[in-house]
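# got a sequence here, can you build the structure:
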Amino acid sequence: MDKLIVSLDFLEFPPTHTCDGGNLSPRLTFKGLNAASIAVMVFNPFEKSCCSFTPWIIWNIPPVQQIPSGIPPEGRVTSPIAAVQGITDYGIIGYTGPCPPRGEMIRYMFRVYGLDAMLDLPAGSNKHELITALKEHTVQYGETVALCSR
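Okay, here's the model as predicted:
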């Protein structure tokens, strides 16, 4: 599997991308992308209520070098980039930024998959359905991490 280099514009979340600010999805940049489409799954691996909380899933992104920030919370997105989003562990569609309790820090893992095709998966699908669909189509993988404290 070819390596995909994934980066954010920050190591620690600015308020714009958290519950304290605009709660906007962050920009993701890629190097070495050689795929037909992109899927992103974001995890908080240390959520106390479960083992891996998922605040954002998005797929069927065309093979671009950058996903812009501010993806609207809609099942099918056409702007600022075409994509499909699913139901998160918050029970909603779209990105939800980190919101740790005061005095605590959390980590968000951005896992990015380069795929050999667009996925035949409807908007509003959940993370388990996305994981199943990814298994047969992943040709690249990369990840990055950012921290958030309040």
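# how about the strands of the chain, start to end?
2-3, 5-7, 28-31, 37-44, 53-61, 66-67, 76-77, 83-85, 105-115, 138-149 (DSSP state E).
# now for the ones you listed, which one comes closest to Lys127?
strand 53-61 (4.8 Å; CB to CB). Glycine gets a C-beta too; all of them are placed from N, C-alpha and C.
# quick one: mean pLDDT for the closest one?
Averaging pLDDT along strand 53-61 gives 97.
# neighbours of the nearest residue to Phe13 once chain neighbours are set aside, how many?
Of all residues beyond its chain neighbours, the one nearest Phe13 is Cys148 (4.2 Å), with distances taken as CB to CB, 6 or more residues apart in numbering. Residues within reach of Cys148, counting by other CB atoms under 10 Å, total 22.
# what sits against Cys148?
By CB atoms under 8 Å, 6 or more residues apart in numbering, the residues touching Cys148 are 12-13, 18, 97-100, 105-108.
# try Ile61
Counted by CB under 8 Å, 6+ apart, Ile61 has contacts 37-40, 67, 81-83.
# quick revisit: let's have the strands of the chain in TSV, adding distance to Gly22.
Output for those, formatted as TSV (distance: least, CB to CB, whole Å):
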stretch	distance to Gly22
strand 2-3	32
strand 5-7	21
strand 28-31	17
strand 37-44	17
strand 53-61	15
strand 66-67	16
strand 76-77	17
strand 83-85	17
strand 105-115	16
strand 138-149	14
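# in terms of mean pLDDT, which of those strands ranks lowest?
Among the strands of the chain, strand 2-3 scores lowest, with a mean of 84.
# remind me what it packs against, helices and strands.
Here strand 2-3 touches strand 138-149, going by 3 or more CB pairs under 8 Å, 6 or more residues apart in numbering; DSSP states H and E.
# run the chain-centre distance for the strand it packs on.
Relative to its chain's centre, strand 138-149 lies at 8 Å (CA atoms, centre = their mean, to the nearest Å).
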